[in-house]
Every structure is written in structure tokens, then in C-alpha cells.
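Asks: After the sequence you'll find the predicted model.
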Amino acid sequence: MSNDESPNTLFIDGTWQPAGAGGVREIRSPADGTLVTTVSEGDRNDTERAIHAARRTFDDGTWANTSAWDRGDLLLRVSDILVRDQAEFARAESGDTGKRLVESEQDMADIAACFRYFGKLAGINGGDVVDTGSPDSFSRVRYEPVGVCGMITPWNFPLLQVAWKVAPAIAAGDTFVLKPSELTPSTAILLMRALDEAGLPAGVGNLVLGSGPETGALLAEHRDIDLISFTGGLHTGRSIAASAAATVKKVALELGGKNPNVVFADADFDTAVDYALMAVFLHSGQVCSAGARLVVQDDIHDEFVDELVRRTEKIRIGGPYDEDAETGPLISAAHLEKVSAHVAKAVEEGAVLRTGGRRPEGERYANGHYYLPTVLDEVAQGSYAVTEESFGPVLTVERFTDEDDAVRIANDTHYGLAGAVFSSDVSKAQRVAHRLRHGTVWINDFHPYLPQAEWGGYKQSGIGRELGRAGLGEYQEAKHIHQNLRPQPPRWFDGR
Ligand code: TXE
């Protein structure tokens, strides 16, 4: 889209500005199609300018050499602003995504906590001393910023995904260019304002709104970007990794999952049903760690699925400000189309549609991208339905016989982001958790994460780990510095 009145929604080198070529995009509510906001969309020239600002600011060295404690204090101030302005942020997030306001409010609390965590982590460990085994040498590892980070984020948890990249990058002393999803730019704009208010120097943080193939792709291929950090779909992630290879830049990827929720017959029945519903239907399944695959023990399969279907049909759907709603719309018409096609293909393959599989009826849903919570039973192991993400409110059910069978089925995916085990036998649950090839495993729980614990995918779910101590590690280089404390001519020259 293009328009003469391009709003000042790009933040480059400390200045709010319109897109150079005047591109604009209308953001419409996924819940009812109403206009939420209009923003500037940058092109390759705008992205070039943002990269240049970030590069120049990093190479100048002033920011990278500020005290890590000061950078940490800045993050703590951002956290305070997020708490102060929580209502405004949450409303903006719900406006773009259509997610329930209570969920956005919870996201904002998590985001403030993320900034607080990295604010406190900054400066705690500047490096390590390494034992060389000799009194005549001294060796140390110094943590240094990676440099200029390109950040590309998705639309499902727009600001949370941004926070997981921006906060550790600031803590580490990097500069960055952020490109949020073109569908959900509002809270990234608010965050840049908050960073500005908290005192982030010009050029350290730059925001370019725009489409993936134009602005995002340039970040991945540009030689002045040192690290590309991406959260999004597997196919886009592969193309980003391929582009990044040309300049051998560091790559951090979080590419979603097809996450198994393993329920043993000895699990507390009602608890397991409750969590199975929340695991997959929260935010209409548009969650990278959604428990989209129920892997349930044969003995309780029938009873469990019957109860699950009964409860699924009671789930209330609605818009962000509908206080009754338990889940909301999908992000876009294109995504709705993708989810419908996914279910149709699964049914074609032989899955038994137990409930859902269509849009809800009624006037209130007519202008939104709604899809009914769906349960597909008796899906074949290795089939399309259980290997490919629907990223919608779609639960597949597979059966297992014993512990080994459960592990084999749960690991039979090219993804490896997260999974869960429900059992009242704690030893068995721990054993299975050890054997699951997924980056996060919950026992008798689903979805909780902690900023202080690592988050990342095995297999094709990603490269690198966000959050935790390692989260900062993605944004730092660990330089080994070895010093000879008794320099003298090397012995192999002694023949002189
Ligand atoms: O994501 P994309 P889409 C999965 C989910 C979903 C699928 C596709 O299965 O159905 O991905 O969703 C930018 N170079 N997840 O198409 O394309 C884009 O502008 C550089 C899982 O919406 O991955 C946006 O900012 N960047 C996921 C970001 O990539 C490009 C969350 C994500 O968009 C680009 C979302 C390109 N060529 C979807 N093309 C998770 N891990 O949580 C697009 N982008």
C-alpha cells in the first residue's frame, strides 16, 4: 500500500519518521475487521538506513563500553514504564491480535518481568577466569556484545517475542534493528517510545516496520548485521538461515513446534483434561508451544476423548473485550484459510473429526477470523495432521500402550520445542521427561515458562536458546583471552 500521508512510525537513529517511499498499512482487528491503526511501512532503503545507524552506533564503541550496570538500570526503568502504561500496551496488543484483553494483560506482566530479569542479569558476570594449569600464564573469557542484531518477530505474542530479543541485546551492549510482524506493529512502536523515554541513546535501537520479503529478508542477508534473531515459521526460518549463511552471521531461530502432551492412565483425570484443553486452545492454538498433539494411554482413551470433546464444545469464543470469551479469533483471513485446509487434509487422510472443523455461526462472528475448537481423533502416527503445525485451535489424538511407546510417538516429529507428561507416578514422569527430545518439558502442567530458565528448540524447532543465562549468551560473544605472564623467546627458536 502507498499513501502520501505516511505516519511517523519508523524509529531510526533516534528519530520518529515516515517511510521514505511513503508506504502505509492499515491494521484491522482480526475480531471484527474494524480499523485499529495506520502505520508506515518501510522498504529496503529505510531498512538500509536503520542498519547503517545501528552499525555506526555500535562501531563508535561508546554504547558497547557503557557500564553493564547502567544498561541494566535502563532495562529496569523500561520495566517500570511497562507497568505504569500496562493498560495502554495491553489494549494495543489486543487491538492488533484480537486476543482477549486479560491475556494481553498477562503478557504485559511477563514482558515487564523479562525486562526486569535481564536488567538484573546485566553486569553480573563479565567473564570467567580459566585455570591454565600453569603459574606462568593467565587466561580469561570476556563476554562482549555480538554487534548489530537484526530481529524479526511474529504476530502471536508480538511484544513478548520482541522483549525476549531486545532486553538481552541491550543488556549485552548490542545495537539492533527490529522488524516486528507487519500484522501487529502497535506494541513495538510503544516499546520504542518507552526505550527512548528510559534513555536509550540514539542509534542503539531502531524500528523498521515492513513486510518480511522486503525489510526482513534484507536484515538476514546484510553484511553489517552480525546476528539475525528470528521467531516465526519453519519455512521462513529455513530461508533466513540460508540467507544468513552467505555472510556467516550468527543465527538464533525459534520456529515453533508440534508439541506432544503425553497423558498416562494414572494421571489425575480431571486435571489432565483441563490442561489438555488449555494447552491447545489458549489463544486459539496460535502458540509455538501449544499442546496440539494429545498422546493418550489406550486404557483411558475413549473416556478421556469423550470428556475432552464435551468440554471443547462448551468453550466460549469472542472478541478481545468480550468478558465471557475464553478464546478468540485467528490472526488473519489467510491464516483462517490455512487452518481450515489443514483440518480438511487431516480428515481426507483418515482422521476422525469429533468436533469443530468449521467456522462458528452467528452474526457476531461474521466479520472476524473465527474457527471452532476442533478435535481430530485416531490420527495416524507420522501423518500430515501430526507432523505439520496447524497453528490453530486443532487437537489431534494418538494412542500409546506403554512408557516406551509413549516416548517413541512423542518424539516422532521433526520439531522439538516443548512437551508435557501427565502422570501421578513422579518417577515415571521424570523418566519420560528425560527421554523426550523437546527443549522444554512440563510435568503435570502446561505452558509455564520462566525468564530465568532457558527456552529453545531441539531439532528443527530452532537454533540457540532464549531466556535464562543462555539467553544473554545468544547476544554475547564469549572471548577467550589467554595471556602469557612470562613472555620469553619460544624454545623452538633456541637453536639460534
Ligand atoms: O510466519 P512467518 P507466518 C508458524 C505457524 C504459521 C506459520 C506461518 O505455523 O502458520 O509459521 O506464519 C517475517 N525474510 N509460526 O507466515 O512468515 C514476517 O514479516 C525475513 C510459528 O505469519 O514466519 C514476520 O515478521 N522475514 C511462530 C515474521 O517473519 C520474513 C509464530 C514471521 O512470519 C520473511 C508465527 C522473509 N522471507 C508463525 N517472510 C512461532 N515460532 O511462535 C516473512 N518474514
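Replies: That came through, no problem. Numbering: from 1, shown residues only.

Asks: What is the burial count for residue 197?
Replies: By other C-beta atoms under 10 Å, the residues close to residue 197 number 12. (Glycine included, C-beta is placed from N, CA and C.)

Asks: What of the one 5 residues further on?
Replies: Burial of residue 202 is recorded as 15 neighbouring residues (other C-beta under 10 Å).

Asks: Closest residue of the stretch 251-400 of the chain to the ligand?
Replies: residue 288 (3.0 Å; C-beta to the nearest ligand atom).

Asks: Now do the same contact list for that residue.
Replies: Going by C-beta atoms under 8 Å, 6 or more residues apart in numbering, residue 288 touches 156, 231, 254, 255, 256, 257, 417, 418.

Asks: Those: which ones sit near the ligand?
Replies: Counting by C-beta under 6 Å from any ligand atom, 156, 231, 254, 255, 256 from the contacts of residue 288 sit close to the ligand.

Asks: Out of those residues, who's the most crowded?
Replies: Counting by other C-beta under 10 Å, top hit in these: residue 254 with 28 neighbours.

Asks: Quick check, pLDDT for it.
Replies: Listed pLDDT for residue 254 reads 97.

Asks: can you pull the contacts of it?
Replies: 230, 231, 232, 288, 417, 455, 456, 457, 461, 462, 466 are the contacts of residue 254 under C-beta under 8 Å, 6+ apart.

Asks: pLDDT score for the residue nearest to the fifth one when sequence neighbours are not counted?
Replies: Translated: residue 417. Leaving out its chain neighbours, the residue that sits closest to residue 417 by C-beta to C-beta, 6 or more residues apart in numbering is residue 257, at 2.9 Å. Looking at residue 257, its pLDDT is 96.

Asks: One more: residue 125?
Replies: pLDDT, residue 125: 83.

Asks: how many neighbours does it have?
Replies: Residues near residue 125, counting by other C-beta under 10 Å: 13.

Asks: Can you give me the distance of it to the ligand?
Replies: Distance of residue 125 to the ligand, computed by C-beta to the nearest ligand atom, to the nearest Å: 29 Å.

Asks: Can you tell me the closest non-neighbouring residue to that residue?
Replies: residue 143 is the one closest to residue 125 (C-beta to C-beta, 6+ apart), at 6.9 Å.

Asks: quick one, what contacts the closest residue to the ligand within the stretch 51-200 of the chain?
Replies: Using C-beta to the nearest ligand atom, the single residue of the stretch 51-200 of the chain nearest to the ligand is residue 154, 3.5 Å away. Going by C-beta under 8 Å, 6+ apart, residue 154 touches 161, 181, 231, 232, 233.

Asks: For residue 476, give the beta-bridge partners.
Replies: On the basis of DSSP bridges, residue 476 is bridged to residue 145.

Asks: Point out where the stretch 251-400 of the chain drops to low pLDDT.
Replies: Along the stretch 251-400 of the chain, no part satisfies pLDDT under 70.

Asks: where exactly do the helices run in it?
Replies: 269-281, 301-312, 333-348, 384-387 (DSSP state H, counting those that start in this stretch).

Asks: between those, which gets nearest to residue 114?
Replies: helix 269-281 (21.8 Å; C-beta to C-beta).

Asks: can you tell me if the closest one touches the ligand.
Replies: No: applying C-beta under 6 Å from any ligand atom, one finds helix 269-281 separated from the ligand by no less than 13.8 Å.

Asks: Can you mark which positions in that helix are buried?
Replies: Residues of helix 269-281 classed as buried: 272, 273, 275, 276, 277, 278, 279, 280, 281 (neighbour count, 16 or more other C-beta atoms under 10 Å).

Asks: Quick one: work out the angle between that helix and helix 301-312.
Replies: 60 degrees (axes from the mean of the first three to the mean of the last three C-alpha atoms, to 10 degrees).

Asks: Counting by contacts, list what helix 269-281 packs against.
Replies: Where contact means 3 or more C-beta pairs under 8 Å, 6 or more residues apart in numbering; DSSP states H and E, helix 269-281 is packed against strand 260-263, helix 301-312, strand 394-400, strand 418-422.

Asks: Residue numbers of the stretch 1-150 of the chain in contact with the ligand?
Replies: Residues of the stretch 1-150 of the chain lying near the ligand (C-beta under 6 Å from any ligand atom): none found.

Asks: what sits against residue 377?
Replies: Applying C-beta under 8 Å, 6+ apart, the residues contacting residue 377 are 305, 351, 352, 354, 397.

Asks: and of those, the nearest to residue 219?
Replies: So of the contacts of residue 377, ranked by how close each gets to residue 219 (C-beta to C-beta), first place is residue 351, at 38.6 Å.

Asks: Residue 265 versus residue 467, what's the distance?
Replies: 34 Å (C-beta to C-beta, to the nearest Å).

Asks: of these two, who's got more company?
Replies: residue 467 (22 against 16).

Asks: Neighbours of the nearest residue to residue 320 once chain neighbours are set aside, how many?
Replies: Among residues not flanking residue 320 along the chain, residue 94 sits closest, at 3.7 Å (C-beta to C-beta, 6+ apart). Residue 94 has 26 neighbouring residues, counting by other C-beta under 10 Å.

Asks: What of residue 201?
Replies: With other C-beta under 10 Å as criterion, residue 201 counts 16.
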